[in-house]
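Student: sharing a model that was predicted from the sequence below.
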Amino acid sequence: MSFRLLFAARMSFLIILAAFSASCTQSDALRANTDSNDDSLAGADWANTTYLCSEKDLASEKASSLGCYRGYSQAIYSHFHRESLYVPSYDGTKLAVDVYRPASSGQPLDGPLPTIFIFSRYWRATERADGTVSHYVGRVPTGQSINDIQEALTQSPDVDTQGVGLLIAHGYAFVRVEARGTGASFGVRNGDMSGTEIKDARHIIQWIRKQPWSTGRIGMIGQSYEGMSQYLVASGRPEGLVSIMPGVATFDEYRASWSGAGVLRKYGLAWLAREAQRDGVQEGVEGSSINPVVAPAEVARVDADMDGSLRAAARLERLVDPEATDPMLYFTRQSPEAAEFIKYLSQMLGSERPVDVMEALYSSQRLRDLMDANPELAAKIRSLHFYRDQSDMLLHPQDDGPNSLSNLAPRIFGSGIAVYNWGGWRDFASIDTLLWHQNLSNPKKLTMGPWTHGPNEIGMGDVRETASYHMRRIEQLRWSDYWVKGISNGIMEEPEIQYAEMGARDSFSWNTAQTLPLSNEHAEFFMAGNELKAELGRSAISQSTFKVDEYKTLGEHTRYHDAIGMGPLALLNLVTHAADGALSFTTAALDQPFVIAGSPIVKLYVSASQPDIVLNAYVQRVDRRGNLQLLADGVMHSRHRVLGKSSYDNLGLPFSDSRKSVVDATPGIDPERPTLMVFDLQPFAARFEKGEQIRLVITGAEAHTNLLIPPPQPAMITLHTAEDTRSALILPGRFIP
């Protein structure tokens, strides 16, 4: 049967199923929907599904489009029931599970209900000192099973970042599970994104399908790790899983953790440290920026654990196993060379404690001091490179240990599981979101907004984060209604891709596309002096030199830090950043608008006083008032400059080979002869207006984001701009007449 016929047959079945389900469950419902006069839901911020509705949409009986949903389903239920219990996994390990169901007349609905599922290493709920529990539908008194959605969210509006209350109000059951070795779940973690989690999640899905309150049709939602876990689960092709909506999920772990070009994105250490501290296997450090001592919190007990003894036993179980108590394992598993690096650094410190090693690795000044004081160990560290092909985790799917999710993508092909990728241009995983969409043949959609990793800035006046908050909950309802309930709401008849085009400051507008890449046109800007020129011409200045500032930084609140809980995004002064220890190149004021949609590429001809260097590149907007806006960044280690072919569709972007044989055979940067380095930056979509300018900044370090192993002396780097070695910025876009 062809895919088209199979899809049509499947949708006919879904529509019939939805009609049957609605007739069984809605007859005794509380008719309190967003279009009614019932004060319990009407006008509630969390229940708003008309965020981008036009006047025509609001006047219509039904409307379904990006950020607008009316008339196809109703927010019928104003109350929910929460039950918390242990469910044994395939090997008997007890996993902590929360089940939420709509409630009517003081009782949970018996169903059958469509189910939304989140499986994650994050806590499912937190017990607070005031006797309440914070969970995915707000905050409620401990032990109270029936609660009002509006009241729970009013008590803790910051909790409802996933839009679970809206789904429950529309008649969905919701299940949240803590991965083994986290929270109140038993067992030991054997790495994040582990194959073991695939087996655990498959078992939980089988359990859900057997429950009397379940229709057997399941969708998944969630962002960050909860987005990544959806791909883990989907790769196991569990029966009953019909759709996923992963938000800001990584694709290629080498690209995400090692920049794709041999440079460690060390901000991830903060995430490892904080999660280990939450799960009770690592201590915090007073005054630390990556691993501060946090106020003690308790993961919520399951209902039967009245005295907390089961929760305590689960924590004790993970404490006695080294696999669970060293958060550095995930880092070192990605690279055997990283393990050597940690060994030498530990010797310098005289400590093997992960908390001590993390602090030293994260601090550029501390690392420099240690290496200066230990020249023999420093020489060993400087000889290390971090390869793509020396870790099983990066090369092959792991049935037990951690995975690079790109290796699992072929297992998702042809599964029939529908995928709605949700990403942000200012997120650390913006390129990953595009790569996921490009490398899946499943029924799919993609939305790329102007936001960061998550709506962390709600209430701070950032309209981009406010849009993220409202739109994702609406879109996941539309998506789930179509695939899990079988409501024909037209979402699959829309353009496949919807993306925001960013303007100056926080302005943006929405565009659509059918395929990637978003732009097949390119404009090349050549560097000359301190200018970017659209035409290659003679230049009186053939090179520019700067001394690397090892401590140059945009701060600890970049897009990368925001993604692991160190937000909101707030950069240090961009003018200062481009001063000493950097080069900057700026176009003249544009005489016509210029539109970009995709990943910038830099072609840099360099020579240097040290054989090993790191280059960082940043594309910025200079608006007509002279305000600066960072739009994209990228980085490459000079030994990783040889380009190769990726094992997946890389959207035609430069791909650092990074295999050991290639990196080891690549000579250092010559101090006299120009050497070409080509790499891409994070993708974005933006419109530059007439009178605005495009600026490119080049540095040799980004101290709080990327690991720079300091050479004996800071490098002097020369960028060449002569006609035959003209460095250039290539932008995926065009001028608008």
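Tutor: Right, received. Where do you want to start? Since we're looking at a predicted model, the values are computed, not measured. Numbers count the residues shown, from 1 in each chain.
Student: need the contact list for the nearest residue to residue 143 once chain neighbours are set aside.
Tutor: Take residue 143 and drop its neighbours on the chain: the residue closest to it by CB to CB, 6 or more residues apart in numbering is residue 303, 7.9 Å away. Just so you know, the C-beta spots here come from the backbone N, C-alpha and C atoms, and that holds for glycine as well. By CB atoms under 8 Å, 6 or more residues apart in numbering, the residues touching residue 303 are 83, 84, 85, 143.
Student: by neighbours, which of those residues wins?
Tutor: Highest neighbour count within those, by other CB atoms under 10 Å: residue 84, with 22 neighbours.
Student: correct me, but it touches residue 97?
Tutor: Yes - here residue 84 reaches residue 97: they are 7.1 Å apart, a contact under CB atoms under 8 Å.
Student: what do these two both touch?
Tutor: The contact sets of residue 84 and residue 97 overlap at 124, 302 (CB under 8 Å, 6+ apart).
Student: so which residues of the stretch 601-737 of the chain form helices?
Tutor: For the stretch 601-737 of the chain, the helices defined by DSSP state H, counting those that start in this stretch occupy 660-665.
Student: show me the shaky parts of it.
Tutor: Within the stretch 601-737 of the chain, no range satisfies pLDDT under 70.
Student: that one: strands as residue ranges?
Tutor: With DSSP state E, counting those that start in this stretch as the criterion, the stretch 601-737 of the chain has strands at 601-608, 614-622, 628-637, 675-680, 684-688, 693-699, 716-720, 728-731, 733-735.
Student: which one of those lies nearest to residue 106?
Tutor: Residue 106 lies closest, by CB to CB, to one member of those: strand 684-688, at 49.4 Å.
Student: any stretches of the chain with poor pLDDT?
Tutor: Those would be 1-43, 157-161, 457-459, 537-540, if you go by pLDDT under 70 across the chain.
Student: middle-most residue in it, spatially?
Tutor: Against the mean C-alpha coordinate of the chain, by CA atoms, centre = their mean, the closest residue is residue 248 at 3.2 Å.
Student: what about it, distance to residue 302?
Tutor: Note on residue 248: its distance to residue 302, by CB to CB, to the nearest Å, is 30 Å.
Student: who's in contact with residue 610?
Tutor: 668, 669, 711, 713, 715.
Student: just the buried subset of those, please.
Tutor: 669, 711, 715 (16 or more other CB atoms under 10 Å).
Student: in CSV: these, plus distance to residue 263.
Tutor: What follows is the buried ones among the contacts of residue 610, written out as CSV (distance: CB to CB, whole Å):
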residue, distance to residue 263
669, 15
711, 15
715, 15
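Student: strands of the stretch 401-550 of the chain, residue ranges please.
Tutor: Going by DSSP E, counting those that start in this stretch, the stretch 401-550 of the chain shows strands at 418-424, 444-449, 497-502, 508-513, 523-528, 531-533, 543-547.
Student: ok and the last one relative to strand 716-720, angle-wise?
Tutor: Put simply, strand 543-547 runs at 160 degrees to strand 716-720, going by axes from the mean of the first three to the mean of the last three CA atoms, to 10 degrees.
Student: which one of the contacts of residue 610 sits closest to residue 45?
Tutor: Among those, residue 715 lies closest to residue 45 (CB to CB), at 52.1 Å.
Student: was I right about that closest one contacting residue 608?
Tutor: Yes - counting by CB under 8 Å, residue 715 does reach residue 608; the two are 5.1 Å apart.
Student: okay, now the closest residue to residue 132 other than its chain neighbours: neighbour count?
Tutor: Leaving aside its chain neighbours, residue 132 sits nearest to residue 139 (5.0 Å; criterion: CB to CB, 6+ apart). Counted with other CB under 10 Å, residues neighbouring residue 139 total 22.
Student: counting contacts, what elements does the helix or strand harbouring residue 139 pack onto?
Tutor: Per DSSP states H and E, residue 139 falls inside strand 138-141. Secondary structure elements in contact with strand 138-141, counted by 3 or more CB pairs under 8 Å, 6 or more residues apart in numbering; DSSP states H and E, are strand 132-135, helix 149-155.
Student: using a markdown table, please lay out these together with mean neighbour count.
Tutor: Below are the helices and strands packed on strand 138-141 laid out as a markdown table (neighbours: other CB atoms under 10 Å):
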| stretch | mean neighbour count |
| --- | --- |
| strand 132-135 | 22 |
| helix 149-155 | 21 |
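Student: and the host helix or strand of residue 270, C-alpha only, in PDB?
Tutor: Assessed by DSSP H and E, residue 270 sits inside helix 268-278. What follows is helix 268-278 as a C-alpha-only set of coordinates in PDB (Å, rounded to 0.1, in the frame of the first residue of the first chain):
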ATOM      1  CA  GLY A 268      27.100  21.500  29.800                       C
ATOM      2  CA  LEU A 269      29.100  20.900  32.900                       C
ATOM      3  CA  ALA A 270      26.700  23.100  34.800                       C
ATOM      4  CA  TRP A 271      23.800  21.000  33.800                       C
ATOM      5  CA  LEU A 272      25.600  17.700  34.800                       C
ATOM      6  CA  ALA A 273      26.500  19.200  38.100                       C
ATOM      7  CA  ARG A 274      23.100  20.600  39.000                       C
ATOM      8  CA  GLU A 275      21.200  17.500  38.100                       C
ATOM      9  CA  ALA A 276      23.600  15.300  40.100                       C
ATOM     10  CA  GLN A 277      23.100  17.600  43.000                       C
ATOM     11  CA  ARG A 278      19.300  17.400  42.700                       C
END
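Student: so which elements touch that helix?
Tutor: Against helix 268-278 (3+ CB pairs under 8 Å, 6+ apart) you get helix 329-333, helix 354-362.
Student: count the neighbours of residue 405 for me.
Tutor: By other CB under 10 Å, the residues close to residue 405 number 26.
Student: what count of nearby residues applies to the residue lying closest to it once chain neighbours are set aside?
Tutor: Excluding the flanking residues, the one nearest residue 405 by CB to CB, 6+ apart is residue 231, at 5.0 Å. By other CB under 10 Å, 27 other residues sit near residue 231.
Student: list phi and psi for residue 231.
Tutor: Dihedral angles of residue 231 (phi, psi; degrees, to the nearest 10) stand at phi -70, psi -40.
Student: pretty sure it contacts residue 404?
Tutor: No - using CB under 8 Å, residue 231 is not in contact with residue 404, being 10.9 Å away.
Student: any idea how far residue 482 is from residue 584?
Tutor: Relative to residue 584, residue 482 is positioned 48 Å away (CB to CB).
Student: quick one: which of these two has more around it?
Tutor: Neighbour totals were compared for residue 482 and residue 584, and residue 482 leads with 27 against 21 (other CB under 10 Å).
Student: what separates the residue nearest to that one when sequence neighbours are not counted from residue 691, distance-wise?
Tutor: Closest residue to residue 482 apart from its sequence neighbours, by CB to CB, 6+ apart: residue 491 at 5.0 Å. Distance from residue 491 to residue 691, counting by CB to CB: 39 Å.
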